[in-house]
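Visitor: From the sequence below, what's the structure:
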Amino acid sequence: MRSTRIAVALAVPAVLVGSLTACSSSSKSSTGSGGAAAAASGAAAAGGSDLGSKAALLESAAVMQKAGSADVAVSSSDSSSGNGTGVYAWGTKPALDLAEQESGKTIKFRLVNGGSYLGVADDQAALLGGKHWVDLNAGSGSTIGDPFTALAVLMDPTAELTVAAQNGTLSKVGSEQVAGAATTHYRSTMQATDLVGKMPSLSDAQRKAALQVVADGGSTVITDFWVDGKHQLLQMTEQNVDGSSPSSAGAGSNASTVKYSNLGVKVSVSAPAASDQADPAAAAKLISSLG
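Guide: Next up, the predicted model:
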């Protein structure tokens, strides 16, 4: 789910049917991640030191909201998907700079100032006339960028923790080590429609794209969180099953993992230079080649 490969796959049909001219709604959810953090902080405080699973996740949401950014590493159990690394700032003005290796190809994605950009390495620049980037939001009513924007929202730890705490069926799995740190492992299970429906700050078109991303592989989403002693989220894994039993997780289900480190890192993401951006029409050719 949390893979640039999935976002590319979802963008291909938009390219094929010429939906660069499709209408995209600008309506927003009334609850942003800042509001979610406030709810998390209040509920966590009420929980006291004896934190149950819900209060623990809300406490972690508040901590991650305060951190605001991190280095991220993404991976998938699907052998066709590669690993990726980058930097991510979440909140009211999200910024993401991510590079993944997919089937021997480097896919780059940037989200900054509300714009989304897809990029390639030098060996693929010929697809873009020698350029390295395309603006996915260029063109009136473009919807090609929606799956990529949804991808970024689904990596937002504050939103994921808050939605899981308030809407998921929760359980405490146990104590485990992650990257040498002692953590508590929590699990949330919910329907994909419920997860996406509660995600903040998505337009209608982006929410539709997010549901496609989240529901890739099954209608039930099982999200695992590893939280350290400082209430920091170190790792999040998400996978799908067709039923509702967490015990079936991992049985033929593609699991996607995001690891967060260096919390609070300074994030400086800029739009690619205009001189290195191909004509927006090249987005169709690039996305089709990656899909």
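Visitor: going forward, measure contacts between C-alpha atoms and count neighbours the same way
Guide: OK.
Visitor: Distance from the chain centre to stretch 74-93, please.
Guide: Stretch 74-93 sits 7 Å away from the centroid of its parent chain (CA atoms, centre = their mean, to the nearest Å).
Visitor: What are the buried residues along it?
Guide: 74-77, 81-82, 84-91 (16 or more other CA atoms under 10 Å).
Visitor: min pLDDT across those residues, which one?
Guide: Across these, the smallest pLDDT goes to Ser81, namely 60.
Visitor: Can you find the helix or strand in this structure with the smallest mean pLDDT?
Guide: helix 33-47 (a mean of 42; mean pLDDT, DSSP states H and E).
Visitor: Now the very next helix or strand once past it: buried residues?
Guide: As assigned by DSSP states H and E, the chain's next helix or strand after helix 33-47 is helix 53-67. For helix 53-67, burial by neighbour count (16+ other CA under 10 Å) applies to 53-65, 67.
Visitor: Redo those residues as TSV? Include pLDDT.
Guide: Below are these laid out as TSV (pLDDT from 0 to 100):
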residue	pLDDT
Ser53	95
Lys54	95
Ala55	95
Ala56	96
Leu57	97
Leu58	96
Glu59	96
Ser60	97
Ala61	97
Ala62	97
Val63	97
Met64	98
Gln65	97
Ala67	98
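Visitor: wait, which of those residues is closest to Glu238?
Guide: Leu57 (15.4 Å; CA to CA).
Visitor: what separates the closest one from Thr184, distance-wise?
Guide: 10 Å (CA to CA, to the nearest Å).
Visitor: Please apply the same query to Asn254.
Guide: 23 Å.
Visitor: before we move on, what about Asp123?
Guide: For Asp123, the distance to Thr184 - CA to CA - is 43 Å.
Visitor: out of those two, which sits in the busier spot?
Guide: Just comparing Asp123 and Thr184: by other CA atoms under 10 Å the higher neighbour count belongs to Thr184, 20 against 11.
Visitor: which stretch of helix or strand covers the more buried one?
Guide: Using DSSP H and E, Thr184 falls in strand 181-191.
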